[in-house]
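A.B. asks: what's the 3D shape of this:
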Amino acid sequence: MHPSRRRFLQSLGAGAVVAGAPRWAFTRTFDPAREQAPAVRDPKYREWSSSALAEAKRLGCSYADIRFTRNRAQSLAVRNGLVLRGGSGFGGGDATETYGFGVRVIHSGVWGFASSPLVTPEEIKRVTGIATDVAKASAMAKKLDVQLAPVQAYD
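C.D. replies: Below is the predicted model of the structure:
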């Protein structure tokens, strides 16, 4: 076997071992000042969603939706046959988690969107206003209104 091919396969094997390691082996502590995302079925989401939709309705939007996102990422680096984590060996770990929300609205026949990584009732209300302002500003250049297609049931 060619030496560079052998080295590649060794690195690949080492990477597979690291990738298969338990999550706690690379867990990185997150900033405690930042609020952790609530559990998926937490009633806060319904409250926050209702707040965003009520604000959009108050602002004159014909459509609105809100999406909460939690993104987790973990990277793995291999250099010269050595498996690295975050550039500083196995201890550093390069795991990140982001949390936030985005609001889409239709106002004046145009889409508007805004998002934020800070999830509080006040921020949701503020961001819904920004999404509405984006739609209003975009409406100045529109040629046609956005039209949502009716929902079709599939058998």
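
A.B. asks: mind saving the C-alpha coords of the helix or strand hosting residue 106 as PDB?
C.D. replies: Assigned by DSSP states H and E, residue 106 belongs to strand 95-107. These are the backbone C-alpha positions of strand 95-107, laid out as PDB (Å, rounded to 0.1, in the frame of the first residue of the first chain):
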ATOM      1  CA  ALA A  95     -18.800  22.300  20.200                       C
ATOM      2  CA  THR A  96     -21.200  25.100  19.800                       C
ATOM      3  CA  GLU A  97     -24.900  25.500  20.400                       C
ATOM      4  CA  THR A  98     -27.000  28.500  19.200                       C
ATOM      5  CA  TYR A  99     -30.600  29.200  20.100                       C
ATOM      6  CA  GLY A 100     -33.000  31.800  18.700                       C
ATOM      7  CA  PHE A 101     -36.100  32.500  16.700                       C
ATOM      8  CA  GLY A 102     -37.300  34.000  13.400                       C
ATOM      9  CA  VAL A 103     -40.500  35.700  12.500                       C
ATOM     10  CA  ARG A 104     -42.000  35.900   9.000                       C
ATOM     11  CA  VAL A 105     -44.900  38.200   8.100                       C
ATOM     12  CA  ILE A 106     -46.800  39.300   5.100                       C
ATOM     13  CA  HIS A 107     -47.800  43.000   5.200                       C
END
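
A.B. asks: partner strands of it, parallel or antiparallel?
C.D. replies: Using DSSP bridges, the strands paired with strand 95-107 in its sheet are strand 63-74 (antiparallel), strand 110-116 (antiparallel).

A.B. asks: grab the nearest non-local neighbour of the residue sitting nearest the centre point of the chain.
C.D. replies: Nearest to the mean C-alpha position of the chain, by CA atoms, centre = their mean, lies residue 69 at 4.2 Å. Closest residue to residue 69 in three dimensions, ignoring its sequence neighbours and counting by CB to CB, 6 or more residues apart in numbering: residue 100, at 5.9 Å. Bear in mind the C-beta positions are built from the backbone N, C-alpha and C, glycine included.
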